[in-house]
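Trainee: Predicted coordinates and the sequence they were generated for:
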Amino acid sequence: MKGRRGHSALLIAGVAAALMLAGCGGGHGGAAGTTSTTAGTSAPPTTGGATTTTTGVSSAAGGWSKPVTIAAGVDLSVVSCPVAAFCMVGTKSGQSYRVTAGQPASVGPVGSAPSPQGGSYLTCTSATFCAAVPNLNQAVLFNGTSWSAPTTIPAAQGFESIGCVGTTFCVSIDGEGNSFVFNGRSWSGNVGAWGAANQISCATASFCLAAEGGPSLWNGHSWTRPTDADPQGQLNAVSCAAATFCIAVDSAGDVLTWNGSGFSAPTPVATEPPVSGSDASGLTGVSCPTPTFCRAVDSLGRVFGYDGTTWSAGTQIDSGHALTGISCPTVSSCVAVDNDGRAFISGKPGGT
């Protein structure tokens, strides 16, 4: 899943102020922009957003901030925002950054070299609990200040993704299909899976969905065999608001909806062809804090919104770069990151 220009302290301070007014933080999904292109057309999307204030944040509800530099020129591969005004951002090389009220600060490397094998190698459930599988066979925890020393899991062979609920349940999958469970104190032995997972989203400790070659479900004890739910593309990301509602997105620009018993057919959302020279991989991230609010991002720098019934056309917030992930803890707050070290923040003043 997937500017070099620095920004002044005034911009970041303004974004921070807007976020504190919003009273909201991170998670998967983002607020819709105000200007968008019609899906299915070949014309490049227009730049979305309403009139911006002097702080750089749109004054309209659901507007997106100007880019906030996290690590200039660096590929940000994962973002997890569990609560208001707090996100953890990870890079492809395994560096991490805490973003509090819009202000980034380095937290240092997640574990030790080599670099993480997957784009969803960390997740947070609160501002004082994150879990990550950043190495071939290591797991680490974040306590609100720093990452723990790595715990080595000898049977693991190249961790790629992890999903958690609270502080006493996490489940991970490695590149060989081995899966391991954390109970708040230690990691279990291999509980089995069916291959590498691009992302895992858990609604409860007894329900998780992994986006693999096909979706696979966790029932609290084991994983089901992946289903051939999406013959049109590679599943890139998934987000579950409940055991009866998940959205998966793919490399063809389609979404698939889980209703508790099965998946819908792939529905085209990001249908415009890639612009010249882009490294297109369709929809690259999705976040659904509720079944009636989801936001998805794509490799052309656009955000798409879901209201429980339909998907909006794309609003471009990041011209010339791929958005690689998005996290919305509430319907009033989202943070998207890109492959050039920047974050975009959506918040509604007075929201919760």
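Mentor: Yes, it's here. Numbering: from 1, shown residues only.
Trainee: In the protein, what residue spans correspond to helices?
Mentor: Counting by DSSP state H, one finds helices in the chain at the ranges 9-22.
Trainee: Run through it and note the low-pLDDT ranges.
Mentor: The chain contains residues with pLDDT under 70 at 1-62, 272-280, 348-352.
Trainee: and if we set it to 50?
Mentor: With pLDDT under 50 as the threshold, the chain has low-confidence stretches at 1-62, 348-352.
Trainee: Surely residue 295 is in contact with residue 304?
Mentor: Yes. With contacts counted by C-beta atoms under 8 Å, residue 295 reaches residue 304, the gap being 6.9 Å. Placement of C-beta: from N, CA and C, glycine included.
Trainee: Comparing the two, which residue is more hemmed in?
Mentor: Counting neighbours by other C-beta atoms under 10 Å for residue 295 and for residue 304 shows that residue 295 has the greater number, 32 against 27.
Trainee: where's that one relative to residue 331, distance?
Mentor: For residue 295, the distance to residue 331 under the criterion C-beta to C-beta, to the nearest Å works out to 10 Å.
Trainee: pretty sure residue 320 is touching residue 301, no?
Mentor: Yes. Here residue 320 reaches residue 301: they are 7.0 Å apart, a contact under C-beta under 8 Å.
Trainee: So these two - more neighbours on which side?
Mentor: In this view residue 320 and residue 301 are compared by other C-beta under 10 Å, and residue 301 has more residues nearby, 24 against 13.
Trainee: Run through the residues that contact residue 192.
Mentor: Contact partners of residue 192, counting by C-beta atoms under 8 Å, 6 or more residues apart in numbering, are 177, 178, 179, 222, 223.
Trainee: wouldn't the last one be in contact with residue 179 here?
Mentor: Yes. The pair residue 223 and residue 179 passes the contact test of C-beta under 8 Å, sitting 6.2 Å apart.
Trainee: Would you mind measuring from residue 141 to residue 247?
Mentor: Using C-beta to C-beta, which is the criterion applied here, residue 141 is 28 Å from residue 247.
Trainee: just residue 143 next, same as before
Mentor: Residue 143 sits 31 Å away from residue 247 when distances are taken as C-beta to C-beta.
Trainee: quick one: which of the two has more around it?
Mentor: Neighbour comparison, residue 143 and residue 247: the larger count goes to residue 247, with 29 against 10 (by other C-beta under 10 Å).
Trainee: coming back round to it: list buried residues within the contacts of residue 192.
Mentor: Buried members of the contacts of residue 192, scored by 16 or more other C-beta atoms under 10 Å, are 177, 178, 179, 223.
Trainee: Just the buried residues of stretch 180-196, please?
Mentor: Within stretch 180-196, the residues scored as buried using 16+ other C-beta under 10 Å are 180, 181, 182, 187, 190, 191, 193, 194, 195, 196.
Trainee: chain center to it, what's the gap?
Mentor: In terms of C-alpha atoms, centre = their mean, to the nearest Å, the gap separating the centre of stretch 180-196 from the centre of its chain is 22 Å.
Trainee: Start and end of that stretch, how far apart?
Mentor: 13 Å (C-alpha to C-alpha, to the nearest Å).
Trainee: Start the count at 12 instead of 1 going forward.
Mentor: Sounds good: first residue 12 from here, last item stretch 191-207.
Trainee: all strands for the stretch 62-211 of the chain, in order.
Mentor: 79-80, 87-94, 97-102, 106-111, 114-120, 133-137, 140-143, 149-153, 162-163, 170-176, 180-185, 190-193, 210-215 (DSSP state E, counting those that start in this stretch).
Trainee: Can you get me a residue count around residue 262?
Mentor: The local packing count at residue 262 equals 20, with neighbours defined by other C-beta under 10 Å.
Trainee: List the contacts of it.
Mentor: Listed by C-beta under 8 Å, 6+ apart, the contact partners of residue 262 are 244, 245, 246, 247, 292, 293, 294.
Trainee: Could you report the neighbour count for residue 276?
Mentor: A total of 11 residues lie near residue 276 under the criterion other C-beta under 10 Å.
Trainee: now the one 4 residues further on
Mentor: Look at residue 280: counted by other C-beta under 10 Å, it has 27 neighbours.
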